[in-house]
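Peer 1: Kindly generate the corresponding structure for this input.
(one chain, ligands or ions: 1)
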Amino acid sequence: MFDVLIIGSGASGLTMALNLPSTIKVAVLSKEKLSEGSTIYAQGGISAVLDKSDSFESHISDTIDSGAGLCVEEVVRHVVENGPTAIDWLLNAGVPFTRVDNNIEGSAGLHLTREGGHSNRRVAHAADASGEAIETTLLSQIKSRSNIELFEFHIAIDLITTRKLRHKHKNNRCVGAYVLDIKNEQVRTFQSNITILATGGASKVYLYTSNPDGASGDGIAMGWRAGCRVANMEFMQFHPTCLYHPHAKSNLITEAVRGEGGRLLLPNGSRFMDKFDKRAELAPRDIVARSIDHEMKRLGIDSVFLDISHKSKEFLLEHFPNVFAMCKKFGYDLSKEPVPVVPAAHYTCGGLMVDQSGQTDLESLYAIGETTYTGLHGANRMASNSLLECVVYGQAAAQEITKQHQSQQNKPFEITIPDWDESRVTDSDERVVINHNWDEVRRFMWDYVGIVRTSKRLKRARNRIEMLLTEIDEYYANFRVSNDLIELRNLAEVARLIIRSAQQRKESRGLHYTLDYPNTDTSLEQVNSILDPIKR
Ligand SMILES: Cc1cc2nc3c(=O)[nH]c(=O)nc-3n(C[C@H](O)[C@H](O)[C@H](O)COP(=O)(O)OP(=O)(O)OC[C@H]3O[C@@H](n4cnc5c(N)ncnc54)[C@H](O)[C@@H]3O)c2cc1C
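Peer 2: Numbers count the residues shown, from 1 in each chain. From the prediction side, this is the model:
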């Protein structure tokens, strides 16, 4: 029995764990090795108002501007105003952010970059491997905490709730999770007073993605099945620039390359972004991704090109050592030539609905990080605001849970949880079904629910996903669980949530663009697409 069960060991889960007092007994789960997740791949950095010439009002207004009318101002203010404290906390934890001057201590000495949508330099970074610096620093801290037990290669299957157990508690309460210990092929029960979903996003639902394989939306699907509402799932962000190469998987080229003057070119060497937006290459991501998609479809080309060869090799090696090395590995020299790039699914703006402490609709269930809808991103996330959201909400949730824990004087919720029942399942003799369905979901999501949508394509996608979900549910009921099956079941559920939300939105806004309703409906300001599992 744990006081707190944290499912996920990315920036949000680790921040939360480290902000709980040592008197609280914590379990942190990770379905792969602890460091694996989107956090470690983040390149650009984390935004916060740190420069004298910058202001909270400017960061707030840039965020709201990117969010295309759907940001919740109070939430944006909460996150932005907590930004400097979040950076100080990371610095104190030992994150080696890049500095302009080693003699100036604290955040005042940090080198700040500028990214799309930001009107000031406000992105703190560790060269171009910011996520790795954050993840490895927090992990090294966590390993020295005796109140925290770490379980890697443990994948949560589903949440356990009082409603599922037919327990007569007045509200539906989360009491833990069933978890597959992948290495021992055994399902374990993790009972907890408080459970936190910190499971990251769902971009793996698309064929091309910058995200690691585990981004299958597990937390969103588990929360939804347990009874939580989700919001704004149609707003999936596509990163405009992933390296295009047959052997390059998920190799993103950070937006900071465009921030430092990188230009997007057609195969004939001409620029095109200024035709679509006066901010050209520094327009928000949705506009850049859609413009590239438009040009690729118009010209029937496989990619466009990103050119920063006007900068010296020394500059590129200093600012983008990892991107430089990655391009080199695939035969491109950033300092000499343009590199081919395509858009890829990158960030899930919607998710489980939470309040400012990360509390979901379910008693004792919290959610933090990319798995949530907080109201910060609206219809489009501004670059580098997501790591900030992870840290601010990780800290806020920890504070709230500590308060509750102290007021309840550590009294555990009394309930007996039955073991996972495998008596009616057998080992699968048809694993091909899993692989086939994985591929099918990701391909039709790319073709029908991608950067540019239509009502007809969404209807086609909906028909297919309903059919696949029936097949997957049948498979799940009959065969022993495996991590592939768990992820496929979640991926398909999240695909359905994305399609349903996209079908609800009869306009184009932010990241949702449909040819049938190409304009923004201004009478719909502040209308989120909320799906409620109780109403289905
Ligand atoms: C290539 C790339 C570059 C990015 N660059 C930036 C950037 O510069 N700035 C920025 O702000 N954002 C950036 N982002 C986005 C940002 O990195 C993520 O939004 C953020 O790291 C998410 O953190 P998280 O804690 O929510 O989840 P993650 O870091 O994705 O961690 C998820 C955790 O949950 C675990 N998990 C998932 N499902 C289960 C399950 N069923 N059971 C057990 N464990 C589970 C995983 O094992 C993992 O430990 C980038 C993302 C990518 C992919």
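
Peer 1: Surely A27 is in contact with V4?
Peer 2: Yes - using C-beta atoms under 8 Å, A27 makes contact with V4 at a distance of 7.4 Å. Bear in mind the C-beta positions are built from the backbone N, C-alpha and C, glycine included.

Peer 1: Can you pull the residues that touch both of these two?
Peer 2: Jointly contacting A27 and V4 under the rule C-beta atoms under 8 Å, 6 or more residues apart in numbering are S192.

Peer 1: which stretches of this structure aren't confidently modelled?
Peer 2: 250, 409-410, 524-525, 536 (pLDDT under 70).

Peer 1: Which strand runs longest in it?
Peer 2: strand 186-197 (DSSP state E).

Peer 1: Give the buried residues for that one.
Peer 2: V187, F190, Q191, S192, N193, I194, T195, I196, L197 (16 or more other C-beta atoms under 10 Å).

Peer 1: That one near the ligand at all?
Peer 2: No - for a cut-off given as C-beta under 6 Å from any ligand atom, strand 186-197 has no contacts with the ligand; the smallest distance is 8.4 Å.

Peer 1: other SSEs contacting that strand?
Peer 2: strand 2-7, strand 26-30, strand 154-161, strand 174-181, helix 218-226, strand 365-367, helix 385-407 (3 or more C-beta pairs under 8 Å, 6 or more residues apart in numbering; DSSP states H and E).

Peer 1: Mean neighbour count, the ones you listed: which tops it?
Peer 2: With neighbours defined as mean count of other C-beta atoms under 10 Å, the helices and strands packed on strand 186-197 peak in mean count at strand 365-367, which reaches a mean of 29.

Peer 1: coming back round to it: could the helices and strands packed on strand 186-197 go into TSV alongside distance to L511?
Peer 2: Below are the helices and strands packed on strand 186-197 laid out as TSV (distance: least, C-beta to C-beta, whole Å):
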stretch	distance to L511
strand 2-7	26
strand 26-30	28
strand 154-161	28
strand 174-181	30
helix 218-226	16
strand 365-367	21
helix 385-407	14
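
Peer 1: and E295, which of these is closest to it?
Peer 2: helix 385-407 (27.0 Å; C-beta to C-beta).

Peer 1: and the direction of the closest one versus that of strand 2-7, what angle?
Peer 2: Computed by axes from the mean of the first three to the mean of the last three C-alpha atoms, to 10 degrees, the angle separating helix 385-407 from strand 2-7 equals 170 degrees.

Peer 1: For the longest strand of the chain, output the C-alpha coordinates as PDB.
Peer 2: The C-alpha trace of strand 186-197 is given here as PDB (Å, rounded to 0.1, in the frame of the first residue of the first chain):
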ATOM      1  CA  GLN A 186       2.800 -10.900 -13.900                       C
ATOM      2  CA  VAL A 187      -0.100  -8.500 -13.100                       C
ATOM      3  CA  ARG A 188       0.400  -6.800  -9.700                       C
ATOM      4  CA  THR A 189      -2.100  -4.700  -7.700                       C
ATOM      5  CA  PHE A 190      -0.800  -1.300  -6.600                       C
ATOM      6  CA  GLN A 191      -3.100   0.000  -3.900                       C
ATOM      7  CA  SER A 192      -2.700   3.700  -3.100                       C
ATOM      8  CA  ASN A 193      -4.500   6.500  -1.300                       C
ATOM      9  CA  ILE A 194      -3.800   9.000  -4.100                       C
ATOM     10  CA  THR A 195      -3.000   8.100  -7.700                       C
ATOM     11  CA  ILE A 196      -1.400  10.500 -10.300                       C
ATOM     12  CA  LEU A 197      -1.400  10.000 -14.000                       C
END
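
Peer 1: how close does E370 sit to the ligand?
Peer 2: Applying C-beta to the nearest ligand atom, to the nearest Å, the value for E370 to the ligand is 4 Å.

Peer 1: The closest residue to I148 other than its chain neighbours and T402: what is the separation?
Peer 2: Among residues not flanking I148 along the chain, V26 sits closest, at 4.6 Å (C-beta to C-beta, 6 or more residues apart in numbering). From V26 over to T402 the distance is 11 Å, taken as C-beta to C-beta, to the nearest Å.

Peer 1: list the contacts for I160?
Peer 2: Contacts of I160 by C-beta under 8 Å, 6+ apart are C174, V175, G176, A177, Y178, T189, Q191, I417.

Peer 1: Quick check: beta-bridge partners of it?
Peer 2: Here I160 sits in beta bridges with G176, going by DSSP bridges.

Peer 1: what does stretch 183-195 contact?
Peer 2: Outside stretch 183-195, the residues within contact range by C-beta under 8 Å, 6+ apart are 1-5, 7, 27, 29, 153-154, 156-157, 159-160, 174-181, 364-366, 401, 404-405, 412-413, 415, 417, 419-420, 422, 481.

Peer 1: Show me what counts as buried in stretch 411-420.
Peer 2: Neighbour-count burial for stretch 411-420 flags F413, I417, W420 (criterion: 16+ other C-beta under 10 Å).

Peer 1: Specify the local secondary structure of the last one.
Peer 2: Using DSSP: H, G, I helix; E, B strand; the rest coil as the criterion, the local structure at W420 reads coil.

Peer 1: Nearest residue to it in space, ignoring adjacent ones along the chain?
Peer 2: The shortest distance from W420 to any residue other than its chain neighbours is 3.8 Å, reached at V187 (C-beta to C-beta, 6+ apart).

Peer 1: Could I get the contacting residues of the residue of the stretch 401-536 of the chain found nearest the ligand?
Peer 2: Closest to the ligand within the stretch 401-536 of the chain is I486: 6.6 Å, counting by C-beta to the nearest ligand atom. Taking C-beta under 8 Å, 6+ apart, we find I486 in contact with I155, I157, L180, D218.

Peer 1: So which of those residues reach the ligand?
Peer 2: I155, D218.

Peer 1: okay if I get the contacts of I160 as a markdown table plus distance to S335?
Peer 2: Formatted as a markdown table, the contacts of I160 follow (distance: C-beta to C-beta, whole Å):
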| residue | distance to S335 |
| --- | --- |
| C174 | 52 |
| V175 | 56 |
| G176 | 53 |
| A177 | 49 |
| Y178 | 52 |
| T189 | 55 |
| Q191 | 56 |
| I417 | 59 |
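
Peer 1: from those, which single one is nearest E389?
Peer 2: C174 (22.1 Å).

Peer 1: Could you find the closest non-adjacent residue to the closest one?
Peer 2: L365 (3.9 Å).

Peer 1: what's near enough to touch that neighbour?
Peer 2: By C-beta under 8 Å, 6+ apart, the contact set of L365 is L159, C174, I194, T195, I196, L197, G223, A226, C228, Q359.

Peer 1: now swap in R460 and tell me
Peer 2: For R460, the contacting residues are F444, Y448, by C-beta under 8 Å, 6+ apart.
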